[in-house]
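**Student:** prediction below, plus the sequence it came from.
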Amino acid sequence: MEKPYAFTALRPKHLLVFINPLGGKGQGKRIYEKKVAPLFTLASITTDIIVTERANHARESLYELSIDKYDGIVCVGGDGMFSEVLHGLVGRTQRDAGVDQNQPRATLVPSPLRIGIIPAGDSLSMDVSAVHHNSTLLRYSVSLLGYGFYGDIIKDSEKKRWMGLIRYDFSGLKTFFSHHCYEGTVSFLPAQHTVGSPRDRKPCRAGCSVCRQSRQQLEEEQKRSLYGLDGTEEVEEWKVLCGQFLAINATNMSCACPRSPQGLSPAAHLGDGSSDLILIRKCSRFNFLRFLVRHTNQGDQFDFTFVEVYRVKKFQFVSKPAEDEDGSVLGRGKKRLGQLCSEHPSACCCRASSSAWNCDGEVLSSPAIEVRVHCQLVRLFARGIEESPKQESRG
């Protein structure tokens, strides 16, 4: 008889709901009223509803409202709405706690409020990466940070919003044939507290033991550092890699989708306090295609000589702008034609000046960034990813 009472105690009683009326092809408000509101009524959950009227309306509201009376926040809309709620809630929590979120070394304070995208009645803690440039917070990320290939795709697609969702396919094809690579330096601090690795084929699932044990070890590591019982962060060993890269990806989760069922990093975990840093070095267009195709099947997408993957808790990237070594008409023509040059007709990988960062679908123009993963900073109304019947039968 204890479990039903325990579950009831965890259930929310009063929620703040943000609705993007343009979400769901303009049906966001109707979907909430027809499908979500009746469930809240049946569960005796009261709500305060805010229908957003402009960009960043939800984010600004979370800074202004008294949020202590709520048990959670629900967002009805797309990725943009979730991003607004995430930034507003994390930012408000830091302001109330007196934490300067513009300081890359600051330890962020988790919010007691849960975020609901699809309410499921339980809690799931999730890592959040803080992205800084020159001691200024640029953005928070919970899924993908991508420079090079994925950065170029999102940057180009923003110019073609009139095309609808097909713009991503168009920009993706264009970016693939352009085959730009970018020179720079990647520095990272390995996540030694984690109990897993990017290639152990142990995906994050509901009640994940990897997330639980990794957090425990991270807390112990932080305590030792705080009391001077172990080496501090300043003497921790950073790894430095230089070179030319087609893509630099950092994932806080697998990023699985219909086109990539296993995701960009199948063994990435939602709450282990780390990010999987994937480096795709300069290679031929054919080899890069092999790498992309590998994401559509069960093969190991990291099993290439030009691909490296590391589990990290911090990383920095600084680009090296390409020098204008070829000022001729032919050189300028190559740039206009997207680097499909006559010298490398089948495997061109000409060095471009700089890319942009794809931060959960938003463009960050600064090529030099500093990223820190904050372990289980936010909680969602969710139980986690359940094992499919096929996966259970295999076990």
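**Tutor:** Okay, I see it.
**Student:** phi, psi of residue 33?
**Tutor:** phi -70, psi -40 (degrees, to the nearest 10).
**Student:** how far away is the residue lying closest to residue 78 once chain neighbours are set aside from residue 40?
**Tutor:** Leaving out its chain neighbours, the residue that sits closest to residue 78 by Cβ to Cβ, 6 or more residues apart in numbering is residue 23, at 5.3 Å. C-betas here are computed from N, CA, C, even on glycine. The gap separating residue 23 from residue 40 is 18 Å, by Cβ to Cβ, to the nearest Å.
**Student:** go on, residue 237?
**Tutor:** Separation of residue 237 from residue 40 (Cβ to Cβ): 50 Å.
**Student:** who has more neighbours out of these two?
**Tutor:** residue 40 (17 against 8; other Cβ atoms under 10 Å).
**Student:** is the more buried one located within a helix, as I assumed?
**Tutor:** Yes. Judged by DSSP: H, G, I helix; E, B strand; the rest coil, residue 40 forms part of a helix.
**Student:** helices of this structure, start to end?
**Tutor:** Remark: helices assigned in the chain by DSSP state H are 2-10, 23-26, 28-31, 37-42, 57-64, 79-97, 149-157, 166-178, 209-226, 285-294, 329-336, 389-394.
**Student:** now tabulate the ones you listed in JSON lines and tack on distance to residue 355 and mean pLDDT.
**Tutor:** Output for the helices of the chain, formatted as JSON lines (distance: least, Cβ to Cβ, whole Å; pLDDT from 0 to 100):
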{"stretch": "helix 2-10", "distance to residue 355": "44", "mean pLDDT": "51"}
{"stretch": "helix 23-26", "distance to residue 355": "29", "mean pLDDT": "67"}
{"stretch": "helix 28-31", "distance to residue 355": "33", "mean pLDDT": "82"}
{"stretch": "helix 37-42", "distance to residue 355": "43", "mean pLDDT": "92"}
{"stretch": "helix 57-64", "distance to residue 355": "27", "mean pLDDT": "96"}
{"stretch": "helix 79-97", "distance to residue 355": "21", "mean pLDDT": "93"}
{"stretch": "helix 149-157", "distance to residue 355": "4", "mean pLDDT": "96"}
{"stretch": "helix 166-178", "distance to residue 355": "10", "mean pLDDT": "95"}
{"stretch": "helix 209-226", "distance to residue 355": "31", "mean pLDDT": "84"}
{"stretch": "helix 285-294", "distance to residue 355": "15", "mean pLDDT": "96"}
{"stretch": "helix 329-336", "distance to residue 355": "14", "mean pLDDT": "36"}
{"stretch": "helix 389-394", "distance to residue 355": "36", "mean pLDDT": "47"}
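**Student:** residue 274 is nearest to which of these?
**Tutor:** helix 209-226 (7.2 Å; Cβ to Cβ).
**Student:** buried sites along stretch 242-253?
**Tutor:** By neighbour count with 16 or more other Cβ atoms under 10 Å, stretch 242-253 contains the buried residues 244, 245, 246, 247, 248, 249, 250, 251, 252, 253.
**Student:** ok, residue 140 touching residue 86?
**Tutor:** Yes. Under the criterion of Cβ atoms under 8 Å, residue 140 makes contact with residue 86 at 5.9 Å.
**Student:** can you list residues touching both of these two?
**Tutor:** Common neighbours of residue 140 and residue 86, counting by Cβ atoms under 8 Å, 6 or more residues apart in numbering, are residue 128.
**Student:** those two - which one has more neighbours?
**Tutor:** A count of neighbours by other Cβ under 10 Å puts residue 86 above the other of residue 140 and residue 86, at 26 against 22.
**Student:** show me the contacts for the more buried one.
**Tutor:** Applying Cβ under 8 Å, 6+ apart, the residues contacting residue 86 are 115, 128, 140, 142, 378.
**Student:** if I pick the last one, what's in contact with it?
**Tutor:** By Cβ under 8 Å, 6+ apart, the contact set of residue 378 is 86, 89, 90, 110, 111, 114, 115, 125, 126, 128, 142.
**Student:** ok, what's across the strand from it?
**Tutor:** Applying DSSP bridges to residue 378 gives these bridge partners: residue 126.
**Student:** gap between it and residue 61?
**Tutor:** Separation of residue 378 from residue 61 (Cβ to Cβ): 17 Å.
**Student:** so residue 242 makes contact with residue 279?
**Tutor:** No. Contact criterion Cβ under 8 Å: residue 242 and residue 279 do not qualify, at 10.9 Å.
**Student:** tell me how many other residues surround the residue nearest to residue 78.
**Tutor:** 21.
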